[in-house]
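Visitor: heads up, no residue letters with this:
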């Protein structure tokens, strides 16, 4: 697998970004540019990645298509289309977002309406609109699973893929986001295996992080955390990923804030990969 993440640290342009990328050891990265970046600058970032033998694996949207404010929702839709077009132009396989929520608590928040039939129909329509408008050939629009919105299980993701019914709709794998109850947490590696068995043919990118559950505090408290700080058996997890995904599949560390935090997470995962006999 190509282990990587988001290049963290201070940089003012492609040259400084390339030095941080080299130091990171990443072989897969999130895009350091977006659809508003001047094309020449985006090209310089892409060339820097190639020089360091790193693939740009994801373009993120991270905007709420169902924002309660109609103007914000419309802007999010246009940005999603722009990001998918960007991914297609640069042959970046995964353009990723969440489905959206009508919650006023935040762009990715839980809400009573997240699982209603009406919301599900809106989800299908919004994904189709994005793909049908852009008509990508190389990039796939993908949805990151979430604990409290569609899709929240591998079965729900397969259902979504069937209902969207578009060739360029792929899967984004974030198994920690689907570890959303004690049963899944206590048999996490078994559940992660189920996720990859079901979704492997559709996966375009994978996020890698840890998960922990407080063993006695009621009601259930589940937290994501950096690799090595939670309950997951990473040697087992990496074997699962290696079994089901191609050798060059991008696997991205996420949600660290600093270069040093990413470096520590990389070191931990690299050690667990060596233990498991998995090449990164």
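Guide: Ah, there it is. As the structure is a computational prediction, the values presented were derived from the model and not from experiment.
Visitor: pull out the buried positions in the helix or strand hosting residue 241.
Guide: Under the criterion DSSP states H and E, the helix or strand holding residue 241 is helix 234-244. Of the residues in helix 234-244, those scored as buried under the neighbour-count criterion (16 or more other CB atoms under 10 Å) are 234-235, 237-242, 244. Heads up, the C-betas are built off the backbone N, CA and C, glycines and all.
Visitor: and for stretch 123-130?
Guide: Burial within stretch 123-130, assessed by neighbour count using 16+ other CB under 10 Å, is assigned to 123-124, 126-128, 130.
Visitor: list the residues that contact the most centrally placed residue in the chain.
Guide: For the chain, residue 207 is the residue whose C-alpha lies nearest the centre (CA atoms, centre = their mean; 5.0 Å). For residue 207, the set of contacting residues under the criterion of CB atoms under 8 Å, 6 or more residues apart in numbering consists of 144, 172-174, 176-177, 251-254.
Visitor: secondary structure and neighbour count added to those residues, as CSV?
Guide: Formatted as CSV, the contacts of residue 207 follow (DSSP: H, G, I helix; E, B strand; the rest coil; neighbours: other CB atoms under 10 Å):
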residue, secondary structure, neighbour count
144, coil, 23
172, strand, 26
173, strand, 30
174, coil, 23
176, helix, 26
177, helix, 21
251, strand, 24
252, strand, 22
253, strand, 24
254, coil, 17
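Visitor: with respect to residue 102, which of those residues is nearest?
Guide: Nearest to residue 102 out of those is residue 144 (CB to CB; 18.1 Å).
Visitor: where along the stretch 101-250 of the chain do the helices fall?
Guide: Counting by DSSP state H, counting those that start in this stretch, the segments of the stretch 101-250 of the chain that form helices are 117-134, 154-164, 175-178, 182-186, 188-199, 234-244.
Visitor: let me have those helices in a markdown table, extended by mean pLDDT.
Guide: What follows is the helices of the stretch 101-250 of the chain, written out as a markdown table (pLDDT from 0 to 100):
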| stretch | mean pLDDT |
| --- | --- |
| helix 117-134 | 98 |
| helix 154-164 | 98 |
| helix 175-178 | 98 |
| helix 182-186 | 98 |
| helix 188-199 | 98 |
| helix 234-244 | 98 |
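Visitor: what's the closest of the ones you listed to residue 30?
Guide: When the helices of the stretch 101-250 of the chain are compared by CB to CB, helix 175-178 sits nearest residue 30, at 16.5 Å.
Visitor: from residue 2, how far out is residue 50?
Guide: For residue 50, the distance to residue 2 equals 13 Å [CB to CB, to the nearest Å].
Visitor: ditto for residue 141
Guide: Applying CB to CB to residue 141 and residue 2 gives a distance of 21 Å.
Visitor: equivalent analysis for residue 203, please.
Guide: According to CB to CB, residue 203 and residue 2 sit 13 Å apart.
Visitor: quick one: which of the two has more around it?
Guide: Neighbours were counted for residue 203 and for residue 2 using other CB atoms under 10 Å; residue 203 has more, 25 against 19.
Visitor: so who does that one touch?
Guide: Taking CB under 8 Å, 6+ apart as the contact definition, residue 203 lies against 170-173, 196, 245, 249.
Visitor: out of those residues, flag the one nearest to residue 62.
Guide: residue 172 (12.0 Å).
Visitor: could you verify my assumption that the closest one touches residue 144?
Guide: Yes - with contact defined as CB atoms under 8 Å, residue 172 and residue 144 form a contacting pair (4.8 Å).
Visitor: name the residues contacting each of these two.
Guide: Listed as contacting both residue 172 and residue 144 by CB under 8 Å, 6+ apart are 96, 207.
Visitor: what sits up against stretch 68-82?
Guide: Applying CB under 8 Å, 6+ apart, the contact partners of stretch 68-82 are 34-36, 61, 63-67, 95, 97, 100, 102-104, 126, 129-130, 133-134, 141.
Visitor: off-centre distance for that stretch?
Guide: Stretch 68-82 has its average C-alpha position 20 Å from the chain's average C-alpha position, going by CA atoms, centre = their mean, to the nearest Å.
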